[in-house]
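Undergrad: sequence first, then the predicted structure, then my questions.
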Amino acid sequence: MTSWINFLLFLVLQLCFLSAATTNEHDDHPLPTVHVINALPKSSKAMNVSCSSNTIDIGEQSLVNGEVYKWRVSQRKLHYCVAIWERFFASWHAFQPRRDGNHETLFWMVEEDGFFISWDKAKWILMHLVQKETRTDAAESISCGLSGRMGSILATGTAIGIGRINGDGSFPVQ
């Protein structure tokens, strides 16, 4: 008799744990739509953007100034994007569940001087700043640039990398 009670108690506890895990993973907030906006100068060549998570490849698009790459988050997991334009590249966390999970829409605007995030397209927050340097020797500086300008990145809480690509398409060794 006590073995049946222990068995039933075990099953009830298992169901409670399973229910709690499922509730935390799928809360009531819908997953957002992410918009990556090319706001680089009109004279810039197209920016190629590729986004994915660890399990899903969302795809790649080529954007000229003013165009938008839009996709819907399908899992409450980290999603990241890589952008390449002219001889420069950048990568960033496009969707972070803790930061963005309570929003229906997420906007990223890529400008010459930085990356901006917004959840309503009215208030923009600078997430990554590209600062100008006075040094002009790219070989001696550990720096990166946007649209031909040298700069160094000030990280402000979201992972990002920006750098130069060599003329042959390879990445510089530092």
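TA: Received the coordinates, thanks. Residues are numbered from 1 along each chain as shown.

Undergrad: what about the helices in the protein?
TA: When assigned using DSSP state H, the helices of the chain occupy the ranges 2-25, 97-100.

Undergrad: what's the average pLDDT for the last one?
TA: I take that to be helix 97-100. For helix 97-100, the mean pLDDT works out to 94.

Undergrad: any idea which of the helices of the chain scores lowest on pLDDT?
TA: Between the helices of the chain, the one with the least mean pLDDT is helix 2-25; it has a mean of 52.

Undergrad: any stretches of this structure with poor pLDDT?
TA: 1-28, 129-174 (pLDDT under 70).

Undergrad: now the strands for it?
TA: 33-38, 47-53, 57-63, 68-72, 79-85, 88-95, 105-111, 114-118, 125-132, 144-146, 149-155, 160-164 (DSSP state E).

Undergrad: which strands and helices sit next to the fifth one?
TA: Pointing back at strand 79-85 there. Using 3 or more CB pairs under 8 Å, 6 or more residues apart in numbering; DSSP states H and E as the contact definition, the elements that strand 79-85 packs against are strand 33-38, strand 47-53, strand 88-95. Placement of C-beta: from N, CA and C, glycine included.

Undergrad: what residues does that strand touch?
TA: Strand 79-85 is contacted by residues 34, 36, 40, 44-53, 58, 73, 89-95, 108, 110, 147, 159, 165 when judged by CB atoms under 8 Å, 6 or more residues apart in numbering.

Undergrad: partner strands of that strand and their direction?
TA: Its sheet considered, strand 79-85 pairs with strand 47-53 (antiparallel), strand 88-95 (antiparallel) by DSSP bridges.

Undergrad: figure out which of these is closest to residue 102.
TA: strand 88-95 (12.1 Å; CB to CB).

Undergrad: now the angle from the closest one to strand 33-38?
TA: Following axes from the mean of the first three to the mean of the last three CA atoms, to 10 degrees, one obtains 160 degrees for the angle between strand 88-95 and strand 33-38.

Undergrad: show me which of the contacts of strand 79-85 are buried.
TA: By neighbour count, with 16 or more other CB atoms under 10 Å, the contacts of strand 79-85 hold 34, 36, 40, 44, 46-47, 49-53, 58, 73, 89-95, 108, 110, 147 as buried.

Undergrad: for the helices and strands packed on strand 79-85, give me CSV that also has distance to residue 82.
TA: Written out in CSV, the entries for the helices and strands packed on strand 79-85 read as follows (distance: least, CB to CB, whole Å):
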stretch, distance to residue 82
strand 33-38, 11
strand 47-53, 5
strand 88-95, 5
